[in-house]
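Undergrad: Sharing a sequence plus its predicted fold:
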Amino acid sequence: MRFTLLIGFSLILCRPTLLVGQTLQGQVYYDSTAAPVPFASVGVKGKALGTVADAQGRFSFSDSPDLAATDTVVVTCVGYQPARLVVRQLRQQPITIRLRKQPQTLREVMVRHQQLKPQVLGRTGTSGIAHWGVNSIVADSTRRREKLGSEFGTFLTSSRNCYVDDFNVYVARNPFRQVRLRLLFYAVRNSRPAELLLPADIQLVLTEQQHGWISVDLRPYNLQLNKGQKIVVALQWLDAVGETASYDSFDVPAAFPTPLHLVYTRNKSQDQWKFYPGQPSLYLNVQSWR
């Protein structure tokens, strides 16, 4: 998955040359139990290589000449402590990876008596010459699997203290029978996405080519932003089911260029972030106070 600019013409995405060889594979479980961790992210530190586990915690991705035996593979899922291993271990045999729950401190919710004011953070427009999307590829395609784990997001900053009510994203096209996305909120450190702000694994499941505005209620998570706090709101591609007869794509539009706004993308969960001067069609509804 990548952020594609459509300016009067379509840029053709090059088909990657696949490495014929070993497949790196394993399964992710919760601690010492037999319970799988579904849709865990598997990424090679600093590289655009990796995948997302399926609903049973199983994962596989193609080996690559770009991978050194000592490269670090990081397995993550929201609410769990990351697990690390090296590529050499995956090359030896299918491996079992066990994640431990991340201890969470319940956030204190402050009840305020002053009047709250509704506010929108982000872009409510639905047009744009830039698009974040994934190509429509048959269900058993290697290329579709290679898109798993891709992320895109954008900076949002609140001008006031606020509580977050909901998240909204506009899907312009969706050719799939089912799409699964993960919603992520990152703190910002050194102008880059850093630690996650929410302990819950929030997933969006779109069925039967669902498109238009998609909304997620965030009030149960008591997410509070401070005045001037910068965050990155991102979506991660987890899975897609179905195919279309024509070449089409799932995509979210964005205004481009927008010097005061940035879109962040990365191809895998441990890849380097790239950024562009754009503003995607996504926003938060919040309740703010001075």
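TA: Looks like it came in fine. These numbers come from a predicted model, not from an experiment.
Undergrad: quick one: buried residues of the host helix or strand of residue 152?
TA: Residue 152 is part of strand 151-157, with elements assigned from DSSP states H and E. Neighbour-count burial for strand 151-157 flags 151-156 (criterion: 16 or more other C-beta atoms under 10 Å). In short, each C-beta sits where N, CA and C put it, glycine included.
Undergrad: and the angle from the helix or strand following that strand to strand 151-157?
TA: Note on strand 151-157: by DSSP H and E, the next helix or strand toward the C-terminus is strand 161-171. For strand 161-171 against strand 151-157, the angle by axes from the mean of the first three to the mean of the last three C-alpha atoms, to 10 degrees is 140 degrees.
Undergrad: Would you mind listing the buried residues in the following helix or strand past strand 161-171?
TA: From strand 161-171 onward toward the C-terminus, using DSSP H and E, the following helix or strand is strand 178-189. Along strand 178-189, these residues count as buried under the neighbour rule (16+ other C-beta under 10 Å): 179-186, 188.
Undergrad: In CSV: these, plus distance to residue 196 and pLDDT.
TA: Shown next, in CSV, are the buried residues of strand 178-189 (distance: C-beta to C-beta, whole Å; pLDDT from 0 to 100):
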residue, distance to residue 196, pLDDT
179, 22, 92
180, 18, 95
181, 15, 96
182, 11, 97
183, 11, 98
184, 6, 97
185, 7, 97
186, 6, 96
188, 12, 95
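Undergrad: Those into a markdown table, with extra columns for distance to residue 52?
TA: Formatted as a markdown table, those follow (distance: C-beta to C-beta, whole Å):
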| residue | distance to residue 52 |
| --- | --- |
| 179 | 13 |
| 180 | 9 |
| 181 | 11 |
| 182 | 9 |
| 183 | 14 |
| 184 | 13 |
| 185 | 19 |
| 186 | 18 |
| 188 | 24 |
